[in-house]
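Give the three-dimensional model of this entry:
(chains A and B)
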Amino acid sequence: MKISVVKNILEANDRIAQQNRSLFDEHNLTVMNLMSSPGAGKTSLLERTIQALRKDISLGVIEGDIQSSQDAERIALMEIPVVQINTGGACHLDGNMIRDTFGEFDLAGLDLLVVENVGNLVCPAEFKVGEDFKAMILSVTEGDDKPAKYPLMFHESSVLLINKIDLLPYVDCTVERIREEALKINPHMTIFEISCKTGEGLDAWYEWLKQEVRNRKTA
Amino acid sequence: MHEMSIAQSLVDIIQEEMVKNNAGALKSVKLNIGKLSAIVPEALSFCFEIIASGTNMEGAVLDMEMIPLRGICLDCDQGFEIEDYAFSCPHCDSPNIKTISGQNLSIVEMEVE
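Predicted coordinates:
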């Protein structure tokens, strides 16, 4: 016997992500899903961003890692509410894992919640967690061929931060090619060129992010 | 390697449908895999086999069809295939396009007995 089904396989996750989204909306909370390869600079970007924005914006962080709480400890040093999720092998966070952290946060007291996803340029792009937008980091040491190799991640991210530009003299990678390839896949992408080491380019990113949070507050 | 999570979601949907239809065993499942999704069909089959083993889904075949990416231009209204992941209109070069297929992972049909 044949049964016609026609269902999105990720429907269960999408439904939970939508419920998370509704809860965030009740609190006018901006939620950013931050993704990249391992070592591209997600936690470093967060440390810089927290330092720069904390006087204006109340932030919380969810750290996703397969194992260890090192990232959460780095963030906790800055006295910011942070929850570590250890996926125990899974290569991405999903809506359910995010929902399980809600008891740990005073959502009403936050302006911006950053979900630092598991370092991986493929899988996290497939799973919504209830975010307003996805932001990704590509570091120049990874190479300018990455947009073409990982199109889903570039297609799903509204923001691309090209990190480690202080290392450009030492690597065979051009920012122009990254831009060109990324914009081909996602013509609406907002792109920042930054160095979390030297601080170059970060002011524009801070301003952009502050504006995003402000827009939601007044929406 | 997120195919395991996807296989688990798939199995959950199949189980629900089998109970609903009083099915005894699963023969095959037809899936549509959008070209934009980052799924490796062989990996999904492998994960499905592992989860299905020892259940009434054991031995069922996953019949996967890759769905090409198609878009429609919001400026010139023309439809087209999105080739080489270039998300702009090949006719008028506009970046304002809507993707109409090739983004999703869906279950379409199951054969049971």
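
List phi and psi for the closest residue to residue B:76 other than its chain neighbours.
Leaving aside its sequence neighbours, residue B:76 sits nearest to residue B:92 (CB to CB, 6 or more residues apart in numbering or on different chains; 4.4 Å). No exception for glycine: its C-beta is placed from N, CA and C like everyone else's. With angles defined as degrees, to the nearest 10, residue B:92 sits at phi -120, psi 0.

how many neighbours does residue B:92 have?
12 (other CB atoms under 10 Å in any protein chain shown).

got a pLDDT number for it?
With respect to pLDDT, residue B:92 has a value of 97.

Next, work out how far apart it and residue B:78 are.
Residue B:92 sits 8 Å away from residue B:78, going by CB to CB, to the nearest Å.

re the thing from before, and the residue nearest to residue B:76, what does it touch?
Residues in contact with residue B:92 (CB atoms under 8 Å, 6 or more residues apart in numbering or on different chains) are B:73, B:75, B:76, B:78.

What residues does chain B have near chain A?
B:1-2, B:4-6, B:9-10, B:12-13, B:17, B:21, B:23, B:31, B:36-38, B:85-88, B:95, B:104-113 (CB under 8 Å from any CB of the partner chain).

Inside strands: which ones of those residues?
Counted as lying in strands by DSSP state E, out of the residues of chain B next to chain A, are B:31, B:105, B:106, B:107, B:108, B:109, B:110, B:111, B:112.

Any idea how many residues pack against the nearest residue to the third one once chain neighbours are set aside?
Just to be clear, that refers to residue B:106. Leaving out its chain neighbours, the residue that sits closest to residue B:106 by CB to CB, 6+ apart is residue B:32, at 4.8 Å. With neighbours defined by other CB under 10 Å, the count for residue B:32 comes to 20.

Could you do residue A:42 as well?
27.

Could you do residue A:78 as well?
14.

Check residue A:195 too.
Using other CB under 10 Å, residue A:195 has 21 other residues around it.

just residue B:23 next, same as before
Other residues close to residue B:23 by other CB under 10 Å number 20.

With the one 4 residues further on instead?
Burial of residue B:27 is recorded as 15 neighbouring residues (other CB under 10 Å).

In a strand, it, correct?
Yes. Residue B:27: assigned to a strand according to DSSP: H, G, I helix; E, B strand; the rest coil.

show me the contacts for it.
With CB under 8 Å, 6+ apart, residue B:27 has these contacts: B:60, B:61, B:111, B:112, B:113.

and these, which are buried?
Taking 16 or more other CB atoms under 10 Å in any protein chain shown as the criterion, what is buried in those is B:60, B:111, B:112.

That concludes my questions; thank you for your assistance.
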